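In: below is the sequence, then the predicted model.
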Amino acid sequence: MSTLAVQLTGTGALARLALRRDRLMMPIWVVVTGGLVASGVGSLGGLYATEAQRAELAASMTANSSMRSLYGPVFGDSLGGLVAWRFGTFAAVLAAVMSLIIVVRHTREEEETGRQELLSSAVVGRRAPLTAAFLAALVANTGVALLITAGLAGQGVGGALALGLAVGGTGMLFATAAAIVAQLTESARLAKGLASAVLGLAFVLRAAGDAGSASGSSALTWLSPIGWAENVRAFAGERWWVLLLIAAVALVQAAVAYELAGRRDVGMSFLPTRPGPAEGRLGTAGALAWQLQRGTVLGWSLGFLLGGLVFGGIVEGAADIVGDNEQAREIFERMGGQSGLTDAFLATMVGMFGMIAALYAVGSVLRLHGEETSQRAEPVLAIAVGRVRWAAGHLVIAFGGAALIMLLAGLGLYVSYGRDLGPILGASLAQLPAIWTLAGLAVLLWGAFPRAAVAGWGVGGLCLALGWIGPALDLPQAVLNVSPFGHLPKLPGQEMAWGPVWTLTAVAAALVATGLWRLRERDITTS
């Protein structure tokens with residue numbers, strides 16, 4: 001048997017195990033990402049039904065540097081071209097996030113929890129775990145590419161295939177990048193953070209390049225893999241050679257990851273870790289929780305502040321975005337209320353920040369689950385620290401951090417928009433009861449059903465999809481109300497409705513209390 005065959009022994013079994021473990025998470029990501037793009041045919045087709053309307057939209061968006069920084073330039077004014085412009089960049093980002101989560105989950109996280117060492121004691125080749133992680137990411141990205149291609153095939157098979165391959169290829173490129181990061185770090189949390197930072201840098205480079213150039217030819221755009229996906233130019237004279245660039249870089253990164261994986265022991269990393277102090281400022285459970293989560297809080301805070309600054313700068317151009325299109329105006333009003341286009345646009349942006357902040361809150365809560373299953377919670381609980389006290393430190397950061405990042409998003413909107421400080425901050429903070437409700441549900445799942453705790457991500461993703469796509473598809477209000485965000489007042493603009501706010505706050509408190517009560521009654525899990 002060849003050396004390569006020995007090193008890949010057990011790859012099939014590990015790949016099947018990875019797909020089984022991700023049998024809930026992966027389909028949700030695939031359907032949401034692929035469905036987001038496919039839904040654009042109906043939503044944009046209804047808004048801009050004629051060639052003249054589409055040409056006018058393409059011209060106005062290309063001339064607007066703020067909109068180019070968000071979505072990129074419009075390369076074609078066909079319906080397929082507009083869908084690729086409006087949803088292609090964000091679909092590529094979603095595929096990248098999905099891919100880095102999958103790869104880190106089945107490489108570094110497996111080593112961190114000790115499961116990989118147990119598996120490696122059997123007949124498992126040295127590079128089999130990494131190969132299995134790549135195969136799982138490939139299955140997910142293939143699913144995304146197929147959904148996009150099938151959903152847009154009616155607009156042109158060539159363009160649909162190009163967009164599907166661009167999004168799926170971007171996902172695989174960041175999968176291989178995450179694999180490199182996973183070899184460098186000893187912590188899954190740090191690996192995800194660094195890989196996410198690389199993705200964030202890629203998005204910023206693409207945004208800066210597109211803001212300065214309407215042709216997508218800026219050097220900054222070409223420094224970003226997100227910019228490469230954009231420059232495939234689906235439905236606008238496809239550049240198939242850009243797909244070869246994406247594939248080549250992904251293959252080079254995979255080769256680097258394989259080389260690094262073969263040069264270290266299981267559980268070790270190339271970047272040394274510094275053990276922290278065991279006393280002093282880490283003398284309490286709350287201080288330990290802050291030490292563990294401060295990087296996440298600071299990263300989200302900076303991101304929301306910058307996001308507020310960006311979106312606040314395009315508020316004045318909201319009327320130009322909609323123009324005289326009544327259907328576009330109706331979508332904004334369904335998302336943000338009927339008190340005026342500017343207020344509706346602000347309410348829409350604040351609502352989007354709220355739904356994304358809910359993902360932060362859920363992730364911060366589920367850090368408790370990670371501490372528990374990695375057996376780091378046991379030494380803490382072995383001393384005079386009760387379970388509720390230990391959990392409370394993380395929950396304060398989860399719930400308080402959500403308030404902080406929403407406040408910073410509101411400040412960013414105000415600074416760029418230049419007026420209405422009180423209404424904007426009030427609208428931002430009014431999102432907190434819905435955010436806390438989803439975080440409370442995550443507490444309940446973790447406290448009562450720890451093996452199902454990961455479902456908190458699915459619920460958060462579902463609410464994000466309903467808020468993002470639901471109004472464009474004109475879904476019934478009863479469906480939108482599945483999300484707690486569907487019950488909040490549309491601020492600024494509408495009058496404050498305290499009933500839903502207090503009700504959701506009470507629901508969140510009840511969910512947290514029930515979850516903590518169940519935590520006290522159950523055993524601490526280790527897997």
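Out: Here it is on my side, so go on. All of these numbers come straight from a predicted model, not from anything done at the bench. Numbers count the residues shown, from 1 in each chain.
In: can you give me every residue that contacts Ile28?
Out: Residues near Ile28 by C-beta atoms under 8 Å, 6 or more residues apart in numbering: 457-458, 461-462. Glycine gets a C-beta too; all of them are placed from N, C-alpha and C.
In: Produce a PyMOL select command limited to the buried residues of those residues.
Out: To isolate the buried members of the contacts of Ile28 in PyMOL, using 16 or more other C-beta atoms under 10 Å:
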select buried, resi 457+458+461
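In: so can I have a markdown table of the contacts of Ile28 showing pLDDT?
Out: A markdown table is the format used below for the contacts of Ile28 (pLDDT from 0 to 100):
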| residue | pLDDT |
| --- | --- |
| Trp457 | 77 |
| Gly458 | 78 |
| Gly461 | 77 |
| Leu462 | 78 |
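In: where does this structure have low pLDDT?
Out: 1-7, 66, 113-125, 264-283, 316-341, 469-474, 525-527 (pLDDT under 70).
In: what about the longest helix in it?
Out: Counting residues, the longest helix in the chain under DSSP state H turns out to be helix 341-373.
In: and the following helix or strand past that one, what's buried?
Out: Per DSSP states H and E, helix 341-373 leads on to helix 377-381 as the next helix or strand towards the C-terminus. By 16+ other C-beta under 10 Å, the buried positions in helix 377-381 come out as 377, 380.
In: give me the helices and strands touching helix 377-381, please.
Out: Judged by 3 or more C-beta pairs under 8 Å, 6 or more residues apart in numbering; DSSP states H and E, helix 377-381 is in contact with helix 387-417.
In: now the helix it packs on, how far from the chain's geometric center?
Out: What separates the centre of helix 387-417 from the centre of its chain is 18 Å, taken as C-alpha atoms, centre = their mean, to the nearest Å.
In: next, the buried residues of that helix.
Out: For helix 387-417, a neighbour-count test (16+ other C-beta under 10 Å) marks 387, 390-395, 397-399, 401-414, 416-417 as buried.
In: ok, Pro379 to Ile524 distance?
Out: Using C-beta to C-beta, to the nearest Å, we find Pro379 at a distance of 11 Å from Ile524.
In: so what's the residue count around the closest residue to Ser196 other than its chain neighbours?
Out: Excluding its sequence neighbours, the residue lying closest to Ser196 (C-beta to C-beta, 6 or more residues apart in numbering) is Leu100, at 6.9 Å. By other C-beta atoms under 10 Å, 27 other residues sit near Leu100.
In: for Arg419, same thing?
Out: 8.
In: now the one 3 residues further on
Out: Neighbouring residues of Gly422 were enumerated by other C-beta under 10 Å; the total is 10.
In: for it, helix, strand, or coil?
Out: Put simply, Gly422 is helix when judged by DSSP: H, G, I helix; E, B strand; the rest coil.
In: can you pull the contacts of it?
Out: Applying C-beta under 8 Å, 6+ apart, no residues qualify as near Gly422.
In: relative to Ala287, how far out is it?
Out: 35 Å.
In: now swap in Ser69 and tell me
Out: Ser69 sits 39 Å away from Ala287, going by C-beta to C-beta.
In: and these two? which has more neighbours close in?
Out: Counted by other C-beta under 10 Å, Ser69 and Ala287 do not tie: Ser69 has more neighbours, with 20 against 13.
In: surely that one touches Val310?
Out: Yes: the criterion here is C-beta atoms under 8 Å, and Ser69 meets it with Val310 at 6.9 Å.
In: what sits against Leu152?
Out: Neighbouring residues of Leu152 by C-beta under 8 Å, 6+ apart: 37-38, 41, 80, 83, 159-160, 163-164.
In: hang on, I meant Trp85
Out: For Trp85, the contacting residues are 58, 61, 71-76, by C-beta under 8 Å, 6+ apart.
In: check contacts around Trp498.
Out: Counted by C-beta under 8 Å, 6+ apart, Trp498 has zero contacts.
In: Leu346 too?
Out: Residues near Leu346 by C-beta under 8 Å, 6+ apart: 315, 336, 413, 417, 420, 424, 427, 492-493.
In: then Ser224?
Out: 201-203, 205-206, 209.
In: could you redo the last one with a cut-off of 7 Å?
Out: 202, 205-206 (C-beta atoms under 7 Å, 6 or more residues apart in numbering).
In: Val232 too?
Out: Applying C-beta under 7 Å, 6+ apart to Val232 gives the contacts 162, 166, 238-239, 242-243.
In: try 6 Å
Out: 162, 166, 239, 242 (C-beta atoms under 6 Å, 6 or more residues apart in numbering).
In: now name the helix or strand holding the spatially closest residue to it that is not a sequence neighbour.
Out: Counting by C-beta to C-beta, 6+ apart, the nearest residue to Val232 once its immediate chain neighbours are dropped is Ala166, at 4.2 Å. Using DSSP H and E, the element containing Ala166 is helix 157-184.
In: ok so, going back, any figure for the gap between the residue nearest to Ser196 and Glu56?
Out: Going from Leu100 to Glu56 by C-beta to C-beta gives 38 Å.
In: pick the one among the contacts of Leu152 closest to Leu223.
Out: Proximity of the contacts of Leu152 to Leu223 (C-beta to C-beta) peaks at Leu163, which lies at 21.7 Å.
In: isn't that closest one right up against Phe235?
Out: No: using C-beta atoms under 6 Å, Leu163 is not in contact with Phe235; the gap is 7.4 Å.
In: between these two, which contacts overlap?
Out: Counting by C-beta under 6 Å, 6+ apart, the residues touching both Leu163 and Phe235 are Ala84.
In: okay, these two: which has more neighbours?
Out: Using other C-beta under 10 Å as the criterion, Leu163 and Phe235 rank with Leu163 on top: 32 against 25.
In: how about the residue nearest to that one when sequence neighbours are not counted, phi and psi?
Out: Nearest residue to Leu163, sequence neighbours excluded (C-beta to C-beta, 6+ apart): Ala234, at 3.7 Å. Dihedral pair for Ala234: phi -60, psi 140, per degrees, to the nearest 10.
In: in contact with Ala234: list those residues for me.
Out: Contact analysis of Ala234 by C-beta under 6 Å, 6+ apart lists 84, 159, 162-163.
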